[in-house]
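A.B. asks: Pasting the sequence and the predicted coordinates here, then a few questions.
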Amino acid sequence: MRPALLVVVVALAGVTAGAQRAAAPKPAQAPAAKVPGAPAAQPLEPLSYVCTMPGDENVLEDKPGVCPNPKCGMKLVPVRLVSKWSCATNTAFIKDAPGKCPTDGSELVRVTVEMTFGCPGTKDLDTLEPGKCPDGTPKQRKYAARAHGNHNPQHGGQFFMAPDAWHHVEGVYLASGTFRLYLYDDFTKPLKAIDARPIAARLVTKQVYDPSTGKENELEKFALVRKGSYLEASIGQRSLPARMSAKVAFKTGDKENLFDFTFDAFSRDPAAPKTAPAPVKTTSAAPRPSSPAATKPSATAAAPDPNLIELGVNPALIATPIPETVPEMLAQLRTRTAQIREFIDKGEFAAVYVPAFQAKDLALALDEHRRELTDEKQKVVEPAVQKVVRSAYMLDAFGDLGNKQQILEAYAIFTAAVKEIQSAFPEKP
Amino acid sequence: MKKVVCVGLVVLAAALATERGEAHKAVTSKYTYNDDVFPILRDRCGRCHVPGGVAPMSLMTYDDAFPWGESIRAELIAAHMPPWNADGGFGELKHAHALSPSELDVILTWVTGGNPRGSLDQKLPAVTLVNDWTMGKPDLLLPLPEYAMAADPMEDTKEFTIATSTTEPRWVRAVDLLPGTPAIVRSAVVYVKSAAAPTGGPAPEQVLARWVPGQDPEPLDSGAAYRLPAGAQLGVRIHYKKTWSYESKPMTDRSTVGVYFAQASTAQEMYALPLTSPALPTADAANKSITFSQTIDSDLRVLALSPEQVPANITLQVQAVLPNGTRSPMIRLNTRADWARRYWFERPMSLPRGSKIEVTANLVDPDLMSAAFGTPAAPKAAGPSTLRLALSVIPAGAKAVAP
């Protein structure tokens, strides 16, 4: 039972951990940033109800209830979600209106935050309703930024986050030959009409790179027309896999954002059964190891769990323990590097983080063997491992954005560093 | 199997028990601030990211650090922080200010995995700003006049001239700067003022220090020294910059230059060998890369390299090509505004006459993170039309002489 549980926990932690990392460019916690103002002069935003169960972060109800997982039965907890403005790179400032970030002068970006009412210097008195502090003064509004809890496709398509970390899109290619681009906010709620109105987008199905201008020449493109909560174009049935790029400006005059989609099959309604689950873009806990050894299960468990493979899970998405020997580590590193490339080639950008983080952990494990090398080779390994760590996180971040060119650039850094590591370590003991 | 998965989920759920209203505080990090992150931040970042330090925020308490999680993530992935812009895999440099791979991973895991604090009962030691001479008290203290920075400007560069009042020539092994108001002193260059025009070849090194926050001076202890003429005047160019905390506030500074004299009565004089590029490609040029080289006409030992005039956000690679064709990597840099320091080689590089110093500059911004996320790049003023680097050298075979 213990080994089985360990493998499941390792697999769950590994498979899910990365999703939240890139998916949540804001810290999951934020300071209780205080914004002075009258505590309850206006009607309060309604309460929402969320599930604290790992894996169910996407549950968002407008009335009390229980989490959908019947085995757990936890009660939904109330939160008051409001839309505010904050710096793109820190949540030290939460403002009511657009403006400039005082730290770097960038435009403030939209964020969904939890609002509570509290007293200075303590979290113990925080409540969802206004009230008074022990000294008789009114409680102040406090805001805490929320993580992106749900990066799962809602309509069976491919889901990406925009670089502004607030907008999210999902591309869907239906068997009817229709392409749809669903638009969401940072809580994966469909955009309100007022937020969708300024968005301009087109779908490019054929383009060639012009080296003389350094730009793509678009040979076939379609306007994406707004229809309710999504944009749509009829592009006809194409041979699969079908590759296409949505170019989206979220505001008039804004820089276009590129989202590259690759459809191996036509998108299906999410209610339809899936044979192989996509990597779950949600959160889970990695149990804190009691000792460094706890992070290195025995090499006998190095192969992906056959039970998970039986369930149809792509081996590239299954976390495996770090093997004990250097040659095994190098072999796994090679496999993981190839798996990243496969995901990129297939357009499954959101899955890239799984083998990338596994490769990163392998590189860190190899770094622990650095001292076994000659001085010259040691000098190669440490900076190379550092680059693998950085570029793995870069792949994770870029995977969520869905821009293939950016992912390939990060992958080039990654593979160059992996090659340096491989060149330094002997293939055989 | 399903049962096992469910048990696994329950275990994870128990581990993740959260407070009311914090449903989406997803904690995936096995590292906590108290146990894992704080020691790294204190030791690697605490000279600047401390209350009163030059950095825009302190990271020395949990409450200080966690709002900046995303900023920390972006800066680390882009290799902007720590501000050591040299590639560790190319050339061998002293005092690399870099995180080890595991330190990097700990912080990145923490900032992306829910920023867990650790035990609430755990009290961390307070970290306070240390503003003192890292090499001990200097032999000669040269206080600068007070500089008053008005409320409006966010940054300014001020040039000071100070008299050394030395009555005889002296050898100097190091020069340091002690900021009066560390929060606004962003960088400084200390140099010997001289009327001599540059010759293009090696000339006595006049730049005594390129100071950036968090970097200790490099003492010349191997017989090399800077020559300080009798009665020399020093130029001190300080770049002042307010962080957002001091926006719209008038500030003052009175920094002090510290001079450490060499103990020996004789030494080998440091020279500077300038390397200047032809005109750089223009912004609209298809080829954004340029390579140039300079052949040295005498045997030299190269101690350090300083990017004196380089555009920010480019990649610069310098290597020596010996007469027999052997290539010795010297440095590869991603240049950043405000971080122009002198890079000291781990060991002096001996270059025989006829060696070439080959410099390749790629003007494409290497910062993929800023490009992807559209975070504002460092302000790009019109860049210089040429590159200028300087090698700090000692002619091989030079004898120690009196100053």
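C.D. replies: Noted; the coordinates are in hand. Bear in mind that the values here come from a model prediction, so they are computed numbers and not experimental data.
A.B. asks: Just the closest residue of the stretch 301-429 of chain A to chain B, please.
C.D. replies: Residue nearest to chain B within the stretch 301-429 of chain A: residue A:383 (3.3 Å; CB to the nearest CB). Any C-beta I mention is one placed from the backbone N, CA and C, and that applies to glycine too.
A.B. asks: Double-check that residue against residue B:87; I have them as touching.
C.D. replies: Yes. With contact defined as CB atoms under 8 Å, residue A:383 and residue B:87 form a contacting pair (6.7 Å).
A.B. asks: So which bits of the longest helix along chain A are buried?
C.D. replies: Identified as the longest helix of chain A according to DSSP state H is helix A:375-401. Neighbour counts over helix A:375-401 (16 or more other CB atoms under 10 Å in any protein chain shown) mark A:377, A:379-401 as buried.
A.B. asks: Report the mean per-residue pLDDT for it.
C.D. replies: Mean per-residue pLDDT for helix A:375-401: 93.
A.B. asks: so what does it touch, helix or strand wise?
C.D. replies: Helix A:375-401 sits against helix A:2-23, strand A:158-161, helix A:353-367, helix A:404-424, helix B:69-77, helix B:101-112, helix B:368-373, with contacts defined as 3 or more CB pairs under 8 Å, 6 or more residues apart in numbering or on different chains; DSSP states H and E.
A.B. asks: Any idea which of the ones you listed has the lowest pLDDT on average?
C.D. replies: Across the helices and strands packed on helix A:375-401, helix A:2-23 gives the lowest mean pLDDT, at a mean of 33.
A.B. asks: one step back: how big is the angle separating the longest helix of chain A from helix A:404-424?
C.D. replies: 160 degrees (axes from the mean of the first three to the mean of the last three CA atoms, to 10 degrees).
A.B. asks: can you state the direction angle for helix A:375-401 and helix A:353-367?
C.D. replies: Interaxial angle, helix A:375-401 versus helix A:353-367 (the same axes, to 10 degrees): 170 degrees.
A.B. asks: I'd like to check the angle between helix A:375-401 and helix B:69-77, please.
C.D. replies: Going by the same axes, to 10 degrees, helix A:375-401 is angled at 140 degrees with respect to helix B:69-77.
A.B. asks: now helix A:375-401 and helix B:101-112, what's the angle there?
C.D. replies: Using the same axes, to 10 degrees: helix A:375-401 against helix B:101-112 is 20 degrees.
A.B. asks: Residue A:60 reaches residue A:48, doesn't it?
C.D. replies: Yes. The criterion here is CB under 8 Å, and residue A:60 meets it with residue A:48 at 5.7 Å.
A.B. asks: ok, and the closest non-adjacent residue to the residue nearest the centre of chain B?
C.D. replies: Nearest residue to the geometric centre of chain B (CA atoms, centre = their mean): residue B:339, 4.7 Å. Take residue B:339 and drop its neighbours on the chain: the residue closest to it by CB to CB, 6 or more residues apart in numbering or on different chains is residue B:83, 4.8 Å away.
A.B. asks: That neighbour: what's it in contact with?
C.D. replies: By CB atoms under 8 Å, 6 or more residues apart in numbering or on different chains, the residues touching residue B:83 are B:97, B:212, B:214, B:336, B:339.
A.B. asks: Equivalent analysis for residue B:54, please.
C.D. replies: Neighbour list for residue B:54: B:48, B:179, B:182-186, B:213, B:243 [criterion: CB under 8 Å, 6+ apart].
A.B. asks: count of neighbours near the spatially closest residue to it that is not a sequence neighbour?
C.D. replies: What sits nearest to residue B:54 in space, not counting adjacent residues and going by CB to CB, 6+ apart, is residue B:213, at 4.6 Å. Counted by other CB atoms under 10 Å in any protein chain shown, the residues lying close to residue B:213 total 20.
A.B. asks: Hmm, residue B:188 and residue B:213 touching each other?
C.D. replies: No. With contact defined as CB under 8 Å, residue B:213 and residue B:188 do not form a contacting pair (9.7 Å).
A.B. asks: tell me the domain boundaries of chain A?
C.D. replies: As assigned by automatic domain parsing, chain A contains the domains A:27-145, A:158-263, A:304-424.
A.B. asks: Nearest to residue B:290, out of the ones you listed?
C.D. replies: domain A:158-263 (17.5 Å; CB to CB).
A.B. asks: quick one: terminal-to-terminal distance for the closest one?
C.D. replies: Start-to-end span of domain A:158-263 (CA to CA, to the nearest Å) is 8 Å.
A.B. asks: That one: how far from the chain's middle?
C.D. replies: Relative to its parent chain, domain A:158-263 has a centroid offset of 18 Å by CA atoms, centre = their mean, to the nearest Å.
A.B. asks: So which of the contacts of residue B:54 is the closest to residue B:286?
C.D. replies: Looking across the contacts of residue B:54 and measuring by CB to CB, the closest to residue B:286 is residue B:186, at 35.7 Å.
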